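S.K.: below are the sequence and a predicted model for it; my questions follow.
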Amino acid sequence: MHEDIETVLFSAEQILGGIVRVASELTRDYAGEDFTVVGVLKGSVVFVSDLVRNIPAKLEMAFVGASSYGAGTTSGNLRLNFFPMDEEIRGRRILLVDDILDTGRTMAALKAEMLARGASEVKTCVFLDKPSRRAVDLCADYACFEVEDLFVVGYGLDFAGRYRNLPYVGALKPALYQTSETQAPAEERGGESSAPDAANCSTQA
């Protein structure tokens, strides 16, 4: 797999540093409070596993599987493959965790869906933030790193189901995805390639 990577963007050591920083922020912000960490399948699994192990708090965990379609941001454009039970959401403070915030459509739709199902609060946490491709007005509350508009893989991020198990994040060689129908780099592979209504987010890397 390593020969398919054009550039290593974040090493395993850098990734750990980013996770520890964000985990410290979460530990401070949720001190003494009950909350539920909801990981977005499949991409967030590696990140959320390392993240929660660095948060010394009595948190709960749940997972959601979803994909978005169309250009909207409401739950009407959200296809739920798996969703936490209502009792895991209703009245709870939710930290929604994903691998990458790209166009933002899926994250915005999931946030709206959880609030509609009775969550008292929904904050967002992502491993990578790619603001250059944002198509909705959404900024992550917490992010480990900001990344340029590259096709990134590794540490949970995939291309055609592969490369999730790389211990680092790298930019995939263009020749490997430019001939594929799934060439759009993103949290949503079929999303818009431009973002005229992008949010103005500032992310610490």
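M.R.: Yes, it's here.
S.K.: tell me which element the nearest residue to residue 27 once chain neighbours are set aside falls in.
M.R.: With sequence-adjacent residues excluded and distances taken as Cβ to Cβ, 6 or more residues apart in numbering, residue 27 is closest to residue 55, at 5.4 Å. The C-beta positions use only the backbone N, C-alpha and C, and glycine is treated the same way. Under the assignment given by DSSP states H and E, residue 55 is not contained in any helix or strand.
S.K.: show me where this structure dips below the pLDDT cut-off.
M.R.: 68-77, 179-205 (pLDDT under 70).
S.K.: top helix in it by residue count?
M.R.: The residue-count maximum for a helix in the chain (DSSP state H) belongs to helix 12-29.
S.K.: residues in contact with the helix or strand just after it?
M.R.: As assigned by DSSP H and E, the chain's next helix or strand after helix 12-29 is strand 36-41. Strand 36-41 is contacted from outside by 45, 47-48, 51-52, 59-66, 81-82, 84, 88-89, 92-99, 106-107, 110, 114, using Cβ atoms under 8 Å, 6 or more residues apart in numbering.
S.K.: same thing but at 7 Å, please
M.R.: Strand 36-41 has contacts (Cβ atoms under 7 Å, 6 or more residues apart in numbering) with 45, 48, 52, 59-66, 82, 84, 88, 92, 94-98, 110.
S.K.: distance of residue 150 relative to residue 128?
M.R.: Using Cβ to Cβ, to the nearest Å, we find residue 150 at a distance of 10 Å from residue 128.
S.K.: neighbour count: the two, which is higher?
M.R.: residue 128 (28 against 17; other Cβ atoms under 10 Å).
S.K.: quick check: that one is in a strand.
M.R.: Yes. Counting by DSSP: H, G, I helix; E, B strand; the rest coil, residue 128 is located in a strand.
S.K.: what sits against the residue nearest to it when sequence neighbours are not counted?
M.R.: Computed as Cβ to Cβ, 6+ apart, the closest residue to residue 128 that is not its neighbour in sequence is residue 100, at 4.4 Å. Applying Cβ under 7 Å, 6+ apart, one finds that residue 100 lies in contact with 43, 126-128, 130, 157, 187.
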